[in-house]
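In: Here is my input, please return the structure:
(chains A, B, C and D)
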There are 2 protein chains.
Amino acid sequence: MKDATLKQIAIQLGISITTVSKALKNYSDVSPKTKKAVVDLATELNYTPNSFAVNLRTKESKTIGLIVPTVIHNFFSNIIEGILQEAEKRNYMVIILQSNEKYELEKKQIELLLNKRVDGILISLSNETGEFDHLKAILANKTPLVLFDKIAKIVNCSKVTINDRKAAYDAVSFLIKKGYKKIAHFRGSYLPQNAIDRFLGYKKALEDNNIPYDASLVYVCENNLDFEDGYENAKKIITEHPEIDAIFAVTDLVAIGIIKYFNEIGIAIPQQIAIFGFSNWFMSSIITPKLTTIDQPGFEIGQKSAELLFDEIQSKKNNEVVVFKTIELNTIIIEREST
Amino acid sequence: MKDATLKQIAIQLGISITTVSKALKNYSDVSPKTKKAVVDLATELNYTPNSFAVNLRTKESKTIGLIVPTVIHNFFSNIIEGILQEAEKRNYMVIILQSNEKYELEKKQIELLLNKRVDGILISLSNETGEFDHLKAILANKTPLVLFDKIAKIVNCSKVTINDRKAAYDAVSFLIKKGYKKIAHFRGSYLPQNAIDRFLGYKKALEDNNIPYDASLVYVCENNLDFEDGYENAKKIITEHPEIDAIFAVTDLVAIGIIKYFNEIGIAIPQQIAIFGFSNWFMSSIITPKLTTIDQPGFEIGQKSAELLFDEIQSKKNNEVVVFKTIELNTIIIEREST
DNA sequence: TTGTAAGCGTTATCAT
DNA sequence: ATGATAACGCTTACAA
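Out: Numbering: from 1, shown residues only, chains lettered A, B, ... in the order given. Okay, here's the model as predicted:
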């Protein structure tokens, strides 16, 4: 048996399609009797509206698109969960795409989503992304857009982030207050903005505490902020700068690489060198020693981003003016054993 | 400016909609001249077919649905990546839903996906799922379905799994060969099948090696196979059965909980007690000591599942008979420091 | 080679 | 309270 349609119901009941449609949508101008008949038959036939037809008529897909650099990282998984939860509440579905940190892919995926006519798009930019015409295309297309985590300040849309600069500033200030004086930084490369902001926060904290900034204590992680990055750079810094007493890592993964190496060669953490991470991955609470880090509220970022997007979708539908908002979520220091 | 349509192009060029449609789809019966004119204008107007209309006509959504218990676990993230990769290749999009290990949610989400008329569905069942009528509804609806990882043997569709029983058997045999004799097992609860299979593999390996099975050495993890499960059960077993010399854990997370506790109280791994995990999470390679485990090929599971699903979608389209396949992927032992 | 017309399943307007 | 009709944008027999 094929899917039931309004037409079928109408024919079987000897009434018009219009009436059937109205009855099912609880319009006031349908007699209780026919309404009941329609509803009964509909449930009997297991009728569900053909979403393709509904989409075509209403020009809505009840679907949003989400592009993330990678789904594997704990942080993004948390974000995804936040987004899915909000979508679920509103009976929206989420199409997820992974840009693999590639600008070209990101661009192509945006096109696909626009062709698919999703009702809105959520993106955390790839590390490669330095041009934003593809984002402007979304805006030009009047499709609501919210950027989160890795954003482009220049693009005129709603955004959800943390204050990376302040968080880094807090982290380094924390180390200084604890008495560490020679603080190195393992930073991310020159895109995305986050890495820069964290670096700037590091630098500012030093300056504000009258510790001269020493560029040779800053190591760049080139491998995608990997475990390896931390491990290799730790190896390097320990011969080049044995005098350091703390390292602020751009990411927990990097920090864990450092810890791993120091554990192997018997450097005591934090007695000889303290380690400070960033993100509060699950893993950071179970490594030995447990990692002090910045809690980056992934789930909440996802939630808020989705909320903003759905608000915007709603406003657009109501022909209201859309005001773009930028939400900056708070981060807190999770002090554990490594500092 | 609104979206360009075939009609617009037709009007502007003074030709029929049909011809425009054909021209854009490279039909043979359109003169090169008009074809060129159409294509030129289409690109100029930035024409893209309205997918809603195409969906309605072709009854295809070029979208598949994916339901996983959780996206946060490394294993599922890998699977998702495998699926997304295959979908990308075929220009398909993937709607991802999370059942949160709840049967009711899983059921509801299936309904949503069917209403959305996705072209196919991929599911890894929730731990709660013990009834399968909702899956049969998918089949009844003639929507291609592939189950992976946590499957229902009873349901008549394609499946992708590993052989949990054999993998566990191999793990425990490996421990026995290494000379361990008092081997405990921290098992999952009574659903899903995986936990049972791993337990059965454990038991069989003991029996085949003439080690009497001792039910009191089997601890059940109730907390969702969490880190906590390992930690707490480790605490228990060490007072109840100090004589054990190895533990086979149902999951890396559980194993890591055990390691954590033993590290804290100073039990040497593997000298006093060996630990064997399951899944080869990223984390297991960086914990100290590094965890010996079973590599469960998540990415490949995702890939294969998607392949099977797309094959089935294709067959259905061509009105070919669909043959259900069951793929069992190989697992290997990753020997590290904990055994 | 080009065009006409029907239809996919809804929704919305306007009569009756 | 009910229905006829058009429209959403596309595909596809079938004519011309």
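
In: what's the residue of the stretch 201-339 of chain A found nearest DNA strand C in contact with, if anything?
Out: Ranked by Cβ to the nearest atom of the strand, the top residue of the stretch 201-339 of chain A for proximity to DNA strand C is A:K317, at 11.2 Å. (Each C-beta comes from the backbone N, C-alpha and C, glycine too.) The neighbourhood of A:K317, defined by Cβ atoms under 8 Å, 6 or more residues apart in numbering or on different chains, consists of A:E60.

In: Against chain B, how distant is it?
Out: Relative to chain B, A:K317 is positioned 16 Å away (Cβ to the nearest Cβ, to the nearest Å).

In: cool, A:F75 as well?
Out: A:F75 is 10 Å from chain B, where distance means Cβ to the nearest Cβ.

In: how many neighbours does that residue have?
Out: In terms of burial, A:F75 registers 23 neighbours under the definition other Cβ atoms under 10 Å in any protein chain shown.

In: That one: what's its closest spatial neighbour, skipping adjacent residues?
Out: Excluding the flanking residues, the one nearest A:F75 by Cβ to Cβ, 6 or more residues apart in numbering or on different chains is A:G298, at 4.8 Å.

In: so the one you found makes contact with A:V68?
Out: No: using Cβ atoms under 8 Å, A:G298 and A:V68 do not qualify as a contacting pair, with a distance of 11.0 Å.

In: Compare neighbour counts for the two and give me the winner.
Out: Neighbours per residue, other Cβ under 10 Å: of A:G298 and A:V68, the larger number sits with A:V68, 29 against 26.

In: and the more buried one, what are its bridge partners?
Out: Taking DSSP bridges, one obtains A:Q98 as the residues bridged to A:V68.

In: Surely it touches A:N100?
Out: No: applying Cβ under 8 Å as the test, A:V68 and A:N100 come out as separate, 9.8 Å apart.

In: how much space between A:K33 and chain B?
Out: Taking Cβ to the nearest Cβ as the measure, A:K33 and chain B are separated by 28 Å.

In: Do me a favour and get the backbone dihedrals for that residue.
Out: Backbone torsions of A:K33, given as degrees, to the nearest 10, read phi -70, psi -50.

In: how about the helices of the stretch 1-150 of chain A, start to end?
Out: Listed in chain order, the helices of the stretch 1-150 of chain A (DSSP state H, counting those that start in this stretch) span A:6-13, A:17-24, A:32-45, A:51-58, A:74-89, A:103-116, A:133-140.

In: Please compute how far the helix or strand hosting A:K159 lies from its chain's middle.
Out: Here A:K159 is covered by strand A:158-162, with elements defined by DSSP states H and E. The gap between the average C-alpha position of strand A:158-162 and the chain average comes to 9 Å, counting by Cα atoms, centre = their mean, to the nearest Å.

In: C-alpha coordinates for that strand, CSV please?
Out: The C-alpha coordinates for strand A:158-162 follow below in CSV (Å, rounded to 0.1, in the frame of the first residue of the first chain):
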residue,chain,number,x,y,z
SER,A,158,25.0,36.6,14.8
LYS,A,159,27.9,34.9,16.6
VAL,A,160,28.5,32.8,19.7
THR,A,161,32.0,32.6,21.1
ILE,A,162,34.0,32.6,24.2
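
In: Which is the succeeding secondary structure element to that strand?
Out: Once strand A:158-162 ends, the next helix or strand along the chain (criterion: DSSP H and E) is helix A:164-177.

In: Please export the C-alpha coordinates of that next one as PDB.
Out: Taking Å, rounded to 0.1, in the frame of the first residue of the first chain, the C-alpha atoms of helix A:164-177 are listed here in PDB:
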ATOM      1  CA  ASP A 164      39.600  33.600  24.000                       C
ATOM      2  CA  ARG A 165      41.800  36.500  24.800                       C
ATOM      3  CA  LYS A 166      40.400  37.000  28.200                       C
ATOM      4  CA  ALA A 167      40.400  33.300  29.000                       C
ATOM      5  CA  ALA A 168      44.100  33.100  28.000                       C
ATOM      6  CA  TYR A 169      44.800  36.200  30.000                       C
ATOM      7  CA  ASP A 170      43.100  34.700  33.000                       C
ATOM      8  CA  ALA A 171      45.000  31.400  32.600                       C
ATOM      9  CA  VAL A 172      48.400  33.100  32.500                       C
ATOM     10  CA  SER A 173      47.500  35.500  35.300                       C
ATOM     11  CA  PHE A 174      46.600  32.500  37.400                       C
ATOM     12  CA  LEU A 175      50.000  31.000  36.700                       C
ATOM     13  CA  ILE A 176      51.700  34.200  37.600                       C
ATOM     14  CA  LYS A 177      49.800  34.500  40.800                       C
END
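
In: Just the buried positions in whichever helix or strand comes after it, please.
Out: Sequence-wise, the next helix or strand downstream of helix A:164-177 (DSSP H and E) is strand A:183-187. Within strand A:183-187, the residues that count as buried by 16 or more other Cβ atoms under 10 Å in any protein chain shown are A:183-187.
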